[in-house]
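Novice: 3D, please:
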Amino acid sequence: MHRFATIAVATAALTGAGCTSAKRTIEAEAIAIDSVAKSVRTDAQTIRDNAQDLLPLIPEQVAYPDDMPNAFEKVKTIIAAAERIDHGAERIGGSGAKIREKLPGVVDTTPWWQTLLGMGFWGLVGMGIALVLAWYGLLPLVLRAIASIVAKVPALASALIPPRVRAEAKLDYEAFDPADPKQTAAMGVKRTSPLYDAAFRVAKKGAK
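Specialist: Purely as a prediction, here's the structure:
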């Protein structure tokens, strides 16, 4: 049982690996893009506004030495660059908003290997439950209860019970004599099969 538990936990861990929703990741990144774009726009506007405040304080017509940059033109260049950064950040923020707007129509897909692992995990869980039930002697009771449920639901009976088993159980029921000890014993053995037991119940229900 400890070995089974170890395998089940390992399978569950592998199944969970890579389960991060791509949709949620995209949404989170889009929100981050929008936030950063707003911050960049604020900084660009601050730089532009401060440079515009400085511009009137710098003489436009000044003869600068060859090795000294023209301060007036440099400030104008800073203003122009700040405006371009502001516009670019605005477009980036708009793209982030569009991504979030389209996300409701996006559906996450599960990798094929993850699907297989998930199926294997639930198979191991089912095996574990069956082993526990068998260990405590409850498996036959559970199987008979399942057979009873299947027999009561025609759609389930048609889907789960093979036609051959249904036909055999119907013939056996029609020929069955409860007063005959041999037939009763033989029928008891045959009805240990959950499928046959469900088919026999269906035949019995149909005869009423």
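
Novice: hey, which helix or strand in the protein has the poorest pLDDT?
Specialist: When the helices and strands of the chain are scored by mean pLDDT, DSSP states H and E, helix 2-16 comes last with a mean of 46.

Novice: From residue 169, how far out is residue 176?
Specialist: As judged by CB to CB, to the nearest Å, residue 176 and residue 169 stand 10 Å apart. The way it works is simple: take the backbone N, C-alpha and C, and place the C-beta from them, glycine included.

Novice: what do you get for residue 95?
Specialist: In terms of CB to CB, residue 95 sits 65 Å off from residue 169.

Novice: Same question for residue 49.
Specialist: 88 Å.

Novice: domain ranges for this structure?
Specialist: Domains of the chain are assigned by automatic domain parsing as 19-105, 138-207.

Novice: Can I get the ones you listed in a markdown table including mean neighbour count, distance to residue 128 and mean pLDDT?
Specialist: Converted to a markdown table, the domains of the chain look like this (neighbours: other CB atoms under 10 Å; distance: least, CB to CB, whole Å; pLDDT from 0 to 100):
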| stretch | mean neighbour count | distance to residue 128 | mean pLDDT |
| --- | --- | --- | --- |
| domain 19-105 | 13 | 22 | 83 |
| domain 138-207 | 15 | 13 | 79 |
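
Novice: out of the ones you listed, which comes closest to residue 127?
Specialist: domain 138-207 (11.9 Å; CB to CB).

Novice: Tell me where this protein has helices.
Specialist: Counting by DSSP state H, the chain has helices at residues 2-16, 22-54, 71-102, 112-135, 139-152, 154-160, 163-175, 181-190, 194-207.
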